[in-house]
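>>> what follows is a protein structure lacking sequence information:
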């Protein structure tokens, strides 16, 4: 009884201060942005953009970031190098019941902006205020076809809106054979077994895309497998540690490996934003994830290493893709 009384006194004190101990935190680091409506944007999309009488193609990938406080959209022109690219963070202000969209793109900081809007039915109209007037981007969900539309409009001095562009989003079909039944993960170890062979198997299974994140990158076997994937039409891209592969590389094995990717028209970037870029994983078809301790280097075949492939795991793949895109976005294109 004596132990309970101090706790009751503490609750009474909180009540006197107007603080309810059970009251949930509205806005702040403990408030997740859980929104079934905006969550339908998660995943990968193809975008057809109609702008000024022309039609262009973009891709979009969306994943939760920053402790589930924002849905991160990465839009990119299909051309290489892309003619347009944008990273958008969509969040929510619980106090005012409105969505926010932090829009950044290849037009630079001067044209970055924060849009705000509230949901009306199946639409959110974001208003961005620029020096020359407001700009609107209305996100609309079409439940019938399970797709999104983004209607972009400018507003003149008289208050009249003028169409700028219309984006139609179509979800990219999952490459996973059956998302309801994930396949059993496959593991292997080195040097006793064929850890490298399991990585090659994962690369060889790719039908649409490969996203590589590496610290050491010099394995001829892995490079060959990636180049072969590119030749059969797979979209291959890589980001690797800058210092290890270009600056402290006296034998040029890292540079040679990156040069081989460049010769095969595989976009490769080096990331120097961290003490080391220590990631070691490959996302296959936005569906499977290969990871583990094995560096993508010939020397790893002499070490005690582990490799795992998480087959048919699109949710895990989406998380890894979001991380990969953040590191690739900070990278610099490799140049011989």
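Now that the structure is in, tell me what you want to look at. For clarity, every value in this text was computed on a predicted model and none was experimentally measured. Numbering: from 1, shown residues only.

>>> for residue 114, list each beta-bridge partner.
Counting by DSSP bridges, residue 114 is bridged to residue 102.

>>> check contacts around it.
100, 101, 102, 103, 128 (CB atoms under 8 Å, 6 or more residues apart in numbering). To be clear about C-beta, it is placed using only N, CA and C from the backbone, and glycine gets the same treatment.

>>> and what of residue 218?
Contact analysis of residue 218 by CB under 8 Å, 6+ apart lists 245, 253, 254, 256, 257, 296, 297, 298.

>>> that older thread, for the contacts of residue 114, pick the one with the most neighbours.
residue 101 (22 neighbours; other CB atoms under 10 Å).

>>> for residue 165, see how far away the residue lying closest to residue 163 once chain neighbours are set aside is.
Of all residues not flanking residue 163 in the chain, residue 153 sits nearest, at 5.8 Å (CB to CB, 6 or more residues apart in numbering). Relative to residue 165, residue 153 is positioned 9 Å away (CB to CB, to the nearest Å).

>>> same question, residue 315
Distance, residue 315 to residue 165, by CB to CB: 31 Å.

>>> between these two, who's got more neighbours?
The neighbour count for residue 315 versus residue 165, taken as other CB under 10 Å, is higher for residue 165 (15 against 11).

>>> what about the stretch 151-300 of the chain, any weak spots by pLDDT?
173-175, 177-182 (pLDDT under 70).

>>> hey, where'd the helices end up in it?
195-204, 220-231, 242, 253-263 (DSSP state H, counting those that start in this stretch).

>>> quick one: closest of these to residue 95.
Proximity to residue 95 (CB to CB) singles out helix 242 among those, at 41.8 Å.

>>> centre of the chain versus that closest one, how much separation?
Remark: helix 242 is offset 21 Å from the chain centroid, using CA atoms, centre = their mean, to the nearest Å.

>>> same deal with stretch 319-336?
10 Å.

>>> hey, what's residue 65 bridged with?
Beta bridges link residue 65 to residue 70, judged by DSSP bridges.

>>> test my guess that it contacts residue 72.
Yes. In this structure residue 65 lies within contact range of residue 72 using CB atoms under 8 Å: 4.4 Å.

>>> overlap in contacts of those two?
Residues touching both residue 65 and residue 72 (CB under 8 Å, 6+ apart) are 89, 322, 326.

>>> got the contact list for the first one?
Each residue near residue 89 by CB under 8 Å, 6+ apart is listed here: 65, 66, 70, 71, 72, 73, 101, 102.

>>> can I have the buried ones of those as a PyMOL selection?
Command for PyMOL that selects the buried part of the contacts of residue 89, burial taken from 16 or more other CB atoms under 10 Å:
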select buried, resi 65+70+71+72+73+101
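
>>> lowest-confidence one in the contacts of residue 89?
When those are compared by pLDDT, residue 65 scores lowest at 83.

>>> so it versus residue 89, what's the distance?
Distance from residue 65 to residue 89, by CB to CB: 7 Å.

>>> let me see the domain layout of the protein.
Domain segmentation of the chain under automatic domain parsing yields 38-171, 186-333.

>>> how far does the last one sit from the chain's center?
The chain centroid and the centroid of domain 186-333 are separated by 17 Å under CA atoms, centre = their mean.

>>> only the buried subset of the contacts of residue 218, as a ChimeraX command please.
In ChimeraX syntax, the buried subset of the contacts of residue 218 is picked out as below (16+ other CB under 10 Å):
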select :245,253,254,257,296,297,298
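
>>> surely residue 62 meets residue 72?
Yes. The pair residue 62 and residue 72 passes the contact test of CB under 8 Å, sitting 6.7 Å apart.

>>> now the residue nearest to residue 245 when sequence neighbours are not counted: how far from residue 176?
Distances taken as CB to CB, 6+ apart place residue 254 nearest to residue 245, at 3.1 Å, with adjacent residues excluded. Look at residue 254 and residue 176: by CB to CB, they are 33 Å apart.

>>> looking at the domains of the chain, which is nearest to residue 29?
domain 38-171 (7.0 Å).

>>> count of neighbours near residue 294?
Using other CB under 10 Å, residue 294 has 25 neighbouring residues.

>>> wait, it touches residue 305, no?
Yes. If you go by CB under 8 Å, residue 294 and residue 305 touch, sitting 4.4 Å apart.

>>> isn't residue 38 right up against residue 100?
No. Between residue 38 and residue 100 there is no contact under CB under 8 Å: 11.4 Å.

>>> what's the neighbour count on the closest residue in space to residue 185 that isn't next to it in sequence?
For residue 185, ignoring the flanking residues on the chain, the nearest one in space by CB to CB, 6+ apart is residue 310 at 5.2 Å. Neighbourhood size, residue 310 [other CB under 10 Å]: 21.
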